[in-house]
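Engineer: here is my input; please provide its structure:
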Amino acid sequence: MSDAQQCYYRWSYYFRQVVTAKISAESAMKPPYTTDLGEAALAPSRQPAYVPSVRARRLARWLRDFRRKSGLSQEAVAARLGWSQQKVGHLETGRNKAAPRDVALLLDIYGIVTPEREMVLELAERADQRGWWTDYADVLSSPYVALEDEASMIGEWAPQVVPGLLQTPDYVRALLTAGNMDGTSAQEIERRLQARLARQTITTRTENPPDLHVILDEAVLTRQVGGPEVQRDQMHRLLRETRRPNITVQVLPVSAGAHVGLDGAFILLRFAEAADPDVAYTEGFHGAVYLENPHLVTRCNVAFERLRELALSPQESADLIETAAKQ
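Structural biologist: Residues are numbered from 1 along each chain as shown. Model (predicted):
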């Protein structure tokens, strides 16, 4: 079994065992359509019940560390506060949102005083602060966009289509239309299109834009999404993106043969704070899978590195994209 296969099956196992999802009978009858990782828009019930932001994950680690340093067990903390041990555990893993008042009670027990106390309470207040995507809550159900917004590096293996962060409006519209299996109205499709275009602004923002490293399968360059003109415009857009300092695009040629990425697309997110662990993410008809286990994320990083080594250099890739744009 390839590294990518093992990575994928471990993702699926982790999702089933650790991440809980509330699946309603109605939504279970509606298979989600998705044309870009990060937007499982029609599968809200297949999303984890709560996926913490980077700040919320950091807060959870701090609470766990404070308790351990205090020498108290989860059971002892729960008894003092009249909580269940499960609640304490969920706050320490980020499975539940940590209300600032609960954080304050925990800090009292752990003996955390100012200025550290104020710093933690401020983090608790901001832990689930939302950004641009709140304006599109009607069409963006995936919490992925919040993690992506805070990432300092995004690595994406894209074997099927150009990644959403680099798509033209017409390319997006063609994908959303082709993937519409539930009779979604043209108006809602346009709404989803606007949400994706808003998502793209993270790569051009003036303050801390992420480094984006994309590896495309060569087939993406020739797949006629929306027809020849739309595909050609998309290739021109992709070529322009390769010239930006924070974007790297490589193409994995068909001649590479069998490789570790044949089992599907995935994204790796890295964050500026060393204490914030990497996250691996994939989605599809099975729903969304988030992976944070260090060992498993490392395997996915290895898979991405192997794809990078097999792919053409950025310059060779740009030349190939330019050729595709002329066809």
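
Engineer: show me where the stretch 51-200 of the chain has its strands.
Structural biologist: Assigned strands in the stretch 51-200 of the chain, in chain order: 153-158 (criterion: DSSP state E, counting those that start in this stretch).

Engineer: so Cys268 touches Val302, yeah?
Structural biologist: One thing to correct before we go on: residue 268 is Leu, not Cys. No - if you go by C-beta atoms under 8 Å, Leu268 and Val302 don't touch, sitting 10.7 Å apart. Glycine gets a C-beta too; all of them are placed from N, C-alpha and C.

Engineer: the two: which has the busier surroundings?
Structural biologist: Per other C-beta atoms under 10 Å, whichever of Leu268 and Val302 has more neighbours is Leu268, with 21 against 14.

Engineer: and the more buried one, what pLDDT?
Structural biologist: In this model, Leu268 is scored at 96, pLDDT.

Engineer: bridging residues for it?
Structural biologist: Gly155, Ala280 (DSSP bridges).

Engineer: from Ala324, how far off is the residue nearest the centre of the chain?
Structural biologist: Residue closest to the mean C-alpha point of the chain, counted by C-alpha atoms, centre = their mean, is Tyr144 at 4.1 Å. Tyr144 is 28 Å from Ala324, where distance means C-beta to C-beta, to the nearest Å.

Engineer: quick one: pLDDT of the residue nearest to the centre of the chain?
Structural biologist: The predicted structure lists Tyr144 with a pLDDT of 85.

Engineer: show me what contacts Leu193?
Structural biologist: Residues in contact with Leu193, defined by C-beta atoms under 8 Å, 6 or more residues apart in numbering, are 169, 172-173, 176.

Engineer: of these, which is the nearest to Pro294?
Structural biologist: Top of the list for closeness to Pro294, among the contacts of Leu193 and by C-beta to C-beta, is Val172 at 34.4 Å.

Engineer: counting neighbours, what do you get for that closest one?
Structural biologist: When neighbours are defined as other C-beta under 10 Å, Val172 has 28 of them.

Engineer: check the one 10 residues further on too.
Structural biologist: Other residues within reach of Asp182 by the criterion other C-beta under 10 Å amount to 10.

Engineer: what does Val145 give?
Structural biologist: For Val145, the neighbour count with other C-beta under 10 Å is 22.

Engineer: surely it and Asp135 touch.
Structural biologist: No - here Val145 lies out of contact with Asp135, judged by C-beta under 8 Å, at a distance of 11.5 Å.

Engineer: would you mind measuring from the closest residue in space to Tyr281 that isn't next to it in sequence to Glu283?
Structural biologist: Beyond its immediate neighbours in the sequence, the residue positioned closest to Tyr281 (C-beta to C-beta, 6 or more residues apart in numbering) is Ile267, lying 4.7 Å away. Look at Ile267 and Glu283: by C-beta to C-beta, they are 9 Å apart.

Engineer: and what of Gly257?
Structural biologist: 27 Å.

Engineer: for Ser84, grab phi and psi.
Structural biologist: Here is the backbone geometry of Ser84 (degrees, to the nearest 10): phi -80, psi 150.

Engineer: list the contacts of the residue nearest to it when sequence neighbours are not counted.
Structural biologist: Ranked by C-beta to C-beta, 6+ apart and with sequence neighbours excluded, the top spatial neighbour of Ser84 is Ala78, at 6.0 Å. If a contact means C-beta under 8 Å, 6+ apart, then Ala78 has 84-85, 87-88 as its contacts.

Engineer: just the helices in this protein please.
Structural biologist: Secondary structure of the chain (DSSP state H): helices at 3-17, 25-28, 54-70, 74-81, 85-93, 100-110, 116-126, 144-150, 169-178, 186-199, 228-241, 294-310, 314-325.

Engineer: relative to Gln250, which of those is closest?
Structural biologist: So among these, helix 314-325 is nearest, using C-beta to C-beta, at 4.9 Å.

Engineer: hmm, Tyr290 is touching Asp278, no?
Structural biologist: No - with contacts counted by C-beta under 8 Å, Tyr290 stays clear of Asp278, the gap being 11.2 Å.

Engineer: just want to know which of the two has more residues nearby.
Structural biologist: Between Tyr290 and Asp278, counting by other C-beta under 10 Å, Tyr290 is the more crowded of the two (22 against 18).

Engineer: any idea what the more buried one is bridged to?
Structural biologist: According to DSSP bridges, Tyr281 are recorded as the beta-bridge partners of Tyr290.

Engineer: about what we covered before: got a list of what the residue nearest to Tyr281 touches?
Structural biologist: Neighbour list for Ile267: 37-38, 148, 154-157, 280-282 [criterion: C-beta under 8 Å, 6+ apart].

Engineer: now Ile247
Structural biologist: Applying C-beta under 8 Å, 6+ apart, the residues near Ile247 are 166, 203, 211-214, 241.
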